[in-house]
Structures are given as C-alpha cells and as structure tokens.
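Chemist: just coords:
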C-alpha cells in the first residue's frame with residue numbers, strides 16, 4: 001500500500017504480502033560449527049524430505065557420507081557421484097552393510113576421474129541444494145546450504161547424468 005505523507009511516498013506491506021513472504025522457503029542456510037548438532041539435525045530433516053531419484057555429487061566421501069544418505073528414506077534411489085573415497089576398504093564394507101540394511105532405497109556409487117568434480121550438490125525430483133562442504137565434514141567448519149533454482153537444477157542434472165555415464169561403478 002502506498003501513502004503520501006508530507007509530499008513523500010511511503011509503502012507498507014499488507015497482510016497478504018506478509019503471509020506470502022512468510023511462506024517463501026529459506027534459500028540460504030548458514031552452517032555455524034558452534035551450532036553443529038542443530039545443523040546436523042536440520043540437514044537430516046532436509047535429506048529425509050528428498051523424493052524421487054536423489055543425485056548426490058560429493059568429491060570426497062567416506063562412511064560418514066553414508067550416514068547422511070541413510071536419511072534419504074523417501075527417495076526411490078540414490079546415485080552418489082564422487083572422485084575420492086577416503087579409506088576405500090572400510091567404505092566398501094559400509095556400502096555393503098548400507099545396501100543390506102536400507103534395501104528400500106537402492107544406492108549406486110560411481111567414481112569420476114580425479115580433478116573433474118569440485119562442487120557438492122544434491123538434486124532430487126523437485127529441487128537442488130548446493131553444499132559448501134562435503135557431507136563427511138558437514139558442520140565442522142562454517143559453510144552454506146543453498147537452494148538453487150529450476151534453471152540451474154536442469155543444467156546441472158544434465159551434466160551429472162553425462163558424468164555418471166562416464167564414471168566407474170564402485171561396489
């Protein structure tokens with residue numbers, strides 16, 4: 001609403017506008033390590049809400065990454081694309097155990113050529129999140145989780161699929 005007071009215009013957001021703004025999802029979350037547990041719980045909730053095929057790109061993974069992926073119980077499938085597996089033997093053991101325990105969410109892991117991946121992101125059936133750090137070190141240092149728009153989601157998903165097709169399967 002616009003009002004003129006002493007020759008100047010002033011604007012006020014009305015009730016409908018306030019309600020609409022309140023319903024806009026938070027697009028950037030700052031992860032503060034001094035609130036580590038709060039942010040870990042928040043990201044677990046976010047992961048639990050992912051649906052459809054979850055495409056996760058994280059250049060550095062280990063067993064802790066699988067702990068976060070276990071939260072994706074509503075996903076129909078998880079595709080994890082990485083470049084570096086820290087401690088490959090324990091990761092392989094944990095991946096086998098993950099598959100046995102979480103049979104309702106099939107997971108496939110592929111390893112891209114070193115030096116190809118840099119950013120960390122997750123794309124599901126309807127959204128994309130960009131992570132400022134790998135999941136295996138989530139909340140250890142300051143970082144961000146950013147919701148990306150549909151245009152970026154489509155472009156990055158296409159590139160994910162291209163790299164996925166070129167990458168080696170991890171068993």
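Modeler: Here it is on my side, so go on. On a predicted model such as this, the values are computed, not experimentally measured, just so you know.

Chemist: next one: phi and psi at residue 169?
Modeler: phi -70, psi 140 (degrees, to the nearest 10).

Chemist: again with residue 152
Modeler: Torsion angles, degrees, to the nearest 10, at residue 152: phi -70, psi -40.

Chemist: isn't it right up against residue 128?
Modeler: Yes: if you go by Cβ atoms under 8 Å, residue 152 and residue 128 touch, sitting 6.4 Å apart. For every residue, glycine as well, the C-beta is placed using N, CA and C.

Chemist: more neighbours, those two?
Modeler: More crowded of residue 152 and residue 128, by other Cβ atoms under 10 Å: residue 128, with 20 against 15.

Chemist: quick check: beta-bridge partners of the more buried one?
Modeler: residue 123, residue 148 (DSSP bridges).

Chemist: distance of the nearest residue to residue 32 once chain neighbours are set aside relative to residue 101?
Modeler: Among residues not flanking residue 32 along the chain, residue 142 sits closest, at 6.4 Å (Cβ to Cβ, 6 or more residues apart in numbering). Distance, residue 142 to residue 101, by Cβ to Cβ, to the nearest Å: 33 Å.

Chemist: got it, and residue 30?
Modeler: From residue 30 to residue 101 the distance is 33 Å (Cβ to Cβ).

Chemist: average pLDDT for stretch 9-16?
Modeler: Mean pLDDT, computed over stretch 9-16, is 80.

Chemist: check contacts around the most centrally placed residue in the chain.
Modeler: In the chain, the centroid-proximal residue (Cα atoms, centre = their mean) is residue 122; its distance is 3.6 Å. Residues near residue 122 by Cβ atoms under 8 Å, 6 or more residues apart in numbering: 47, 50, 54, 55, 56, 57, 128, 129, 131.

Chemist: would you map the helices across the protein?
Modeler: 15-22, 36-48, 63-69, 88-101, 150-166 (DSSP state H).

Chemist: return the most buried member of those helices.
Modeler: Sort these by mean neighbour count, taking mean count of other Cβ atoms under 10 Å, and helix 63-69 sits at the top with a mean of 20.

Chemist: in terms of secondary structure, what does that one contact?
Modeler: Judged by 3 or more Cβ pairs under 8 Å, 6 or more residues apart in numbering; DSSP states H and E, the packing partners of helix 63-69 are helix 36-48, strand 75-82, helix 88-101.

Chemist: do you know which of these lies nearest residue 16?
Modeler: The closest of the helices and strands packed on helix 63-69 to residue 16 is helix 36-48. By Cβ to Cβ, the value is 28.3 Å.

Chemist: count the residues that sit near the closest residue to residue 55 other than its chain neighbours.
Modeler: In space, and not counting its chain neighbours, residue 55 is closest to residue 123: 4.4 Å by Cβ to Cβ, 6+ apart. When counting by other Cβ under 10 Å, one arrives at 24 neighbours for residue 123.
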